[in-house]
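Trainee: make a model of this:
(one chain, ligands or ions: 2)
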Amino acid sequence: MRMSLLRSASQHLRRRRGYSSTPAQPERKVAILGAAGGIGQPLALLMKLNPLVSSLSLYDIAATPGVAADVSHINTRALVKGFVGDDQLGEALEGADLVIIPAGVPRKPGMTRDDLFKINAGIVKGLCTAIATHCPNALVNMISNPVNSTVPIAAEVFKKAGTYDEKKLFGVTTLDVVRAKTFYAGKANVPVTGVNVPVVGGHAGITILPLFSQATPASNALSHEDLVALTKRTQDGGTEVVEAKAGKGSATLSMAYAGAVFGDACLKGLNGVPDIVECSFVQSTVTELPFFASKQVTNFSSLHEICLHAYS
Ligand SMILES: NC(=O)C1=CN([C@@H]2O[C@H](COP(=O)(O)OP(=O)(O)OC[C@H]3O[C@@H](n4cnc5c(N)ncnc54)[C@H](O)[C@@H]3O)[C@@H](O)[C@H]2O)C=CC1
Ligand SMILES: O=C([O-])CC(=O)C(=O)O
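Mentor: Numbers count the residues shown, from 1 in each chain. Ligands and ions are numbered 1, 2, ... in the order given. As a prediction, this is how the structure comes out:
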């Protein structure tokens, strides 16, 4: 009796967190486009470890079958399939609930994210055209840079195809939040696990605006100079990694972690878990800018219908 009560209480808790293990657990297909890359591979690993994923579709223009074979041996729920080349893109996307896009070239030292625009805009345009055809209802998490431009490009592609739903398109700015939390905890000398810092604006240089005034737990140990230095370090976090990697790309492992955190929040939203809050670069009315990163609460009034409420 005691054991069965404990079991049912634990199942209830898991269901509330979106990790139900009952037969009613929803099937969720996640597709990663650019899955063979520096971000794509560790992101594939992390999504394979996520119990909310039932099907994981790994697509790239290069070498995905090897990555898929490797990840598929891990004994977790998600069934993994690898797809490669233009011909297999449609099959990779068919029925996806969530599409995560880290496809595109990364920066080298001396470049800005805007220098990636020409090549990555074309890649994103092609991939979003296929999403509009094969999984028009999917949530889209855009990682490819420059996020400040690739998200509006994706929106235009979806508008042209007649499938645009602004509540389903997200620029992934979670890495800025991850960095702000880490740097703040270090400076304020508080345990990082309990720290939260909203980051608004965009995902490039001074458009990245960490709101340390709203950080929790609040710290009065930090001087104005500390806050200025923390803000600058968060804004320059990407460049710090690009320079440290000295020509061998930009952040991949921390980005894969951040992408997995944001992807998990989207899946929980789809599963009806209430009040999941993450910052993201979305179509917005918070400022006069058409797109702006701010805190988003994901709620689902019905399956596949996501309602995002921006906080100002
Ligand atoms: N939003 C963010 O916070 C961050 C964004 N990034 C961006 O993510 C992107 C990827 O970075 P990495 O993984 O380091 O680069 P990478 O070069 O290691 O991997 C990119 C992958 O995309 C694939 N690819 C290229 N064109 C494709 C297409 N049309 N369809 C499918 N796959 C395609 C390549 O074959 C490669 O495997 C870059 O644009 C980078 O700037 C990187 C870090 C943080
Ligand atoms: O800096 C870059 O090029 C990659 C990126 O967006 C980041 O690490 O925040």
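
Trainee: need the strands for the stretch 1-150 of the chain, in chain order.
Mentor: For the stretch 1-150 of the chain, applying DSSP state E, counting those that start in this stretch gives strands covering 29-33, 55-60, 79-84, 98-101, 139-142.

Trainee: equivalent analysis for the stretch 151-300 of the chain, please.
Mentor: 169-171, 199-201, 208-210, 276-283, 291-302.

Trainee: tell me which of those strands sits most buried.
Mentor: strand 169-171 (a mean of 28; mean count of other C-beta atoms under 10 Å). Where C-beta positions appear, they are placed from N, C-alpha and C, glycine not excepted.

Trainee: tell me what that one is packed against?
Mentor: Of the remaining helices and strands, those touching strand 169-171 by 3 or more C-beta pairs under 8 Å, 6 or more residues apart in numbering; DSSP states H and E are strand 139-142, helix 147-161, strand 276-283, strand 291-302.

Trainee: would you tell me which of the ones you listed gets closest to residue 117?
Mentor: Nearest to residue 117, of all these, is helix 147-161, at 5.7 Å by C-beta to C-beta.

Trainee: might you report the residue contacts of the nearest residue to residue 255 once chain neighbours are set aside?
Mentor: The shortest distance from residue 255 to any non-neighbouring residue, by C-beta to C-beta, 6 or more residues apart in numbering, is to residue 39 (4.9 Å). Applying C-beta atoms under 8 Å, 6 or more residues apart in numbering, we find residue 39 in contact with 102, 143, 252, 255, 256, 259.

Trainee: hmm, residue 174 and residue 262 touching each other?
Mentor: Yes: Residue 262 is within contact range of residue 174, at 4.4 Å (criterion: C-beta atoms under 8 Å).

Trainee: what about the residue of the stretch 51-200 of the chain found nearest ligand 2, how many residues nearby?
Mentor: Nearest residue of the stretch 51-200 of the chain to ligand 2: residue 107, at 3.7 Å (C-beta to the nearest ligand atom). Counted with other C-beta atoms under 10 Å, residues neighbouring residue 107 total 23.

Trainee: show the low-confidence segments of this protein, by residue range.
Mentor: 1-24, 296-312 (pLDDT under 70).

Trainee: find the closest residue to ligand 2 in it.
Mentor: At 2.2 Å from ligand 2, residue 238 is the closest residue in the chain, using C-beta to the nearest ligand atom.

Trainee: stretch 192-202 close to ligand 1?
Mentor: No: on the criterion C-beta under 6 Å from any ligand atom, stretch 192-202 is out of touch with ligand 1, staying 10.6 Å away.

Trainee: who's in contact with that stretch?
Mentor: Contacts for stretch 192-202 (C-beta under 8 Å, 6+ apart): 147-148, 173, 176-177, 180-182, 184-186, 188, 207-212, 214-217, 234, 279, 281, 286, 291-295.

Trainee: next, the buried residues of that stretch.
Mentor: Along stretch 192-202, these residues count as buried under the neighbour rule (16 or more other C-beta atoms under 10 Å): 195, 197, 198, 199, 200, 201, 202.

Trainee: near ligand 1, which residues of the stretch 1-150 of the chain?
Mentor: Counting by C-beta under 6 Å from any ligand atom, the stretch 1-150 of the chain sits next to ligand 1 at 33-34, 36-40, 59-62, 102-107, 116, 120, 123, 126-127, 143-145, 147.

Trainee: inside helices: which ones of those?
Mentor: 40, 120, 123, 126, 127, 147 (DSSP state H).

Trainee: pick out the most distant pair among those.
Mentor: 126 and 147 (17.5 Å).

Trainee: can you tell me which residues in the stretch 151-300 of the chain are near ligand 2?
Mentor: Counting by C-beta under 6 Å from any ligand atom, the stretch 151-300 of the chain sits next to ligand 2 at 175, 237, 238, 239, 241, 242, 250, 251.

Trainee: export those to a markdown table and tack on neighbour count and distance to ligand 1?
Mentor: Shown next, in a markdown table, are these (neighbours: other C-beta atoms under 10 Å; distance: C-beta to the nearest ligand atom, whole Å):
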| residue | neighbour count | distance to ligand 1 |
| --- | --- | --- |
| 175 | 26 | 4 |
| 237 | 21 | 9 |
| 238 | 25 | 6 |
| 239 | 17 | 11 |
| 241 | 20 | 8 |
| 242 | 22 | 9 |
| 250 | 24 | 5 |
| 251 | 23 | 4 |
